[in-house]
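**Q** Next one to model:
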Amino acid sequence: MSNKIKFVQDIRSILPIKESFDIVERNIDIGGRDSYLYFIDGFVDSDMLQEMITIFQEITVSEMDEYPTATDFIKYRIPHIQISEVADVNLAVTDILAGHVGFIIEGYDSIILIDLRLYPVRGVEEPEKEKSLRGARDGFVETLIFNTALIRRRIRDPRLVFTSLKVGNISNTDVSIGYIKGIVDEEILNKMIEKINKLDIDTLTVSDQTLVEVLDNSRWLNPFPKIRYSGRPDVVAAHLTEGKFVILVDNSPNAILLPIGFFDLIQDADEFYFPVMTGNFFKFIRNTTMMASVFLTPLYLLVDKEILHLPASWEFILPQEDYALPLFWQFLILEIALDGLNLASLNTPSSLGMSLSVIGALLLGEQSVQAGWFIPQTIVLMAVIALAAFSQPSIELAYANKFLRIFLLIGAHLFSLWGFLIVLVIEILILAFTKTITGIPYLYPLVPFDKKKLIKVLFRVRTKQNSN
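**A** Numbering: from 1, shown residues only. Below you'll find the predicted structure:
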């Protein structure tokens, strides 16, 4: 009987219905016509589907004659909101695998797709890395449509648009680009959409990061991040109103903000949830600790070598006793040890957290000093650097600063002051000539210079009403 129905054999040849238990084919009779439903078990709201099947089976033969096309049937007999129809089997199969219900009725030349998806999803909780003292407590989740709703809840403007794209020959991952028409740079936006549409990749293995890597054609040796991740809808909404756009990838709780430069990466939500003076104080502390995290250990090494000199009142920070391991190697070992502890904390079960704390105390505490591995000064300096890294809103920028610090440390160790200065100049040149994924200078609005925008990103300015 199924041979008479268009599309059925084609779908059966593509979908492993008998091999995969979660791909369901349901045969029903609607008004004397043989009909088939195709869906993925676990993606569909079974109660709504059962109710819809009950409604369909009550249709009589004479009623079906009143609906000569699938469009007519949808218009008069399907009591659901999100419905579409396609005549391409491959497109239908892609949507079925994404969670839609494929509905084939004998005599119709198209496949009806009904969105009855009910994904397993966690609550919209505040992102762990981007906690705010006073801001909103919601955050993105792994479901794309929920994330767009969280943004639209904050921007109730008809110009806010979310385009729909698919990336990955195998995964067919849903990707959406959000922007506000009339504010966004249309030329940059169109280039990005065209670039994503031309991507030839099998799958987004690790979701958003895979997409970023295939979009970014720059050399991988450049440590500076070209995008900003955020799990906060309020941060994304603020960037959209500034003329930027956001890329949302299904199955990822992170939004990709573009175009992003260096000064965008050092801004944090808390700076804008507090009064102007407090917000500027937060900015000052964050920027100061960022500079300290880059220069503290290389400069300390130069001071210890007596290439640079401290005022007499500050000489107490210098080593007061001999040490067996050179300072350079102490700093380098501590760099590795701190990251090792960070990675270990991510993979340590909560029941073993106390054991990890004991190991960390043994490694970086008084015992390591007594064993002659380190001196107290190096441990204190690395603790300050670790705190400075945690104060940065961007993990990627914190690691870029780490790499800059290590290269400065190596230069100071091998060639003293000249080595430090040469490495510093090279790093500044790399920063100056780096461009974002969209081709904008990385140091804008410093290079090229734009005074008004530079003041706005460096300082928390007071919000003013629009001038009429």
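**Q** what about the nearest residue to residue 416 once chain neighbours are set aside, which SS state?
**A** Closest residue to residue 416 in three dimensions, ignoring its sequence neighbours and counting by CB to CB, 6 or more residues apart in numbering: residue 307, at 5.4 Å. Placement of C-beta: from N, CA and C, glycine included. When the structure is split into helix, strand and coil by DSSP: H, G, I helix; E, B strand; the rest coil, residue 307 lands in coil.
**Q** same question, residue 175
**A** State at residue 175, reduced to three classes by three-state DSSP: strand.
**Q** Now do the contacts for it.
**A** Going by CB atoms under 8 Å, 6 or more residues apart in numbering, residue 175 touches 164, 165, 166, 167, 196, 211, 247, 248, 249, 250.
**Q** Please flag which of these sit within helices.
**A** Judged by DSSP state H, helices contain the following of the contacts of residue 175: 196, 211.
**Q** Looking at the contacts of residue 175, which are in strands?
**A** 164, 165, 166, 167, 247, 248, 249 (DSSP state E).
**Q** Just the buried ones from the residues you listed?
**A** 167, 247, 248, 249 (16 or more other CB atoms under 10 Å).
**Q** excluding its backbone neighbours, what's nearest the last one?
**A** Spatial nearest neighbour of residue 249, chain neighbours left out: residue 208 (4.6 Å); criterion: CB to CB, 6+ apart.
**Q** Surely that neighbour and residue 229 touch.
**A** Yes. Taking contact to mean CB atoms under 8 Å, the distance of 7.2 Å between residue 208 and residue 229 places them in contact.
**Q** list the residues that contact both of the two?
**A** Any residue near both residue 208 and residue 229 by CB under 8 Å, 6+ apart counts here, and that gives 254, 256.
**Q** show me the contacts for the closest residue to residue 230 other than its chain neighbours.
**A** Excluding its sequence neighbours, the residue lying closest to residue 230 (CB to CB, 6+ apart) is residue 255, at 5.2 Å. The contact partners of residue 255, by CB under 8 Å, 6+ apart, come to 140, 147, 229, 230, 231, 236, 246, 247, 248.
**Q** For those residues, which entry has the maximal number of neighbours?
**A** With neighbours set by other CB atoms under 10 Å, the maximum within the contacts of residue 255 is found at residue 147, which has 28 neighbours.
**Q** Just the element for that residue, please.
**A** Here residue 147 sits within helix 144-152, counting by DSSP states H and E.
**Q** Equivalent analysis for residue 378, please.
**A** Using DSSP H and E, residue 378 maps to helix 376-390.
**Q** Please compute how far that helix lies from its chain's middle.
**A** 28 Å (CA atoms, centre = their mean, to the nearest Å).
**Q** And the next helix or strand along the chain from that helix, what's buried?
**A** Remark: after helix 376-390, the chain's next helix or strand is helix 395-433, criterion DSSP H and E. Applying a neighbour-count criterion of 16+ other CB under 10 Å, the buried positions in helix 395-433 are 396-398, 400-402, 404-413, 419-420, 423-424, 427, 430-431.
**Q** Check which helices and strands helix 395-433 sits against.
**A** helix 262-265, helix 276-304, helix 327-347, helix 376-390 (3 or more CB pairs under 8 Å, 6 or more residues apart in numbering; DSSP states H and E).
**Q** ok, now with 7 Å
**A** Using 3 or more CB pairs under 7 Å, 6 or more residues apart in numbering; DSSP states H and E as the contact criterion, the elements in contact with helix 395-433 are helix 276-304, helix 327-347.
**Q** tell me the angle it makes with helix 376-390.
**A** Interaxial angle, helix 395-433 versus helix 376-390 (axes from the mean of the first three to the mean of the last three CA atoms, to 10 degrees): 90 degrees.
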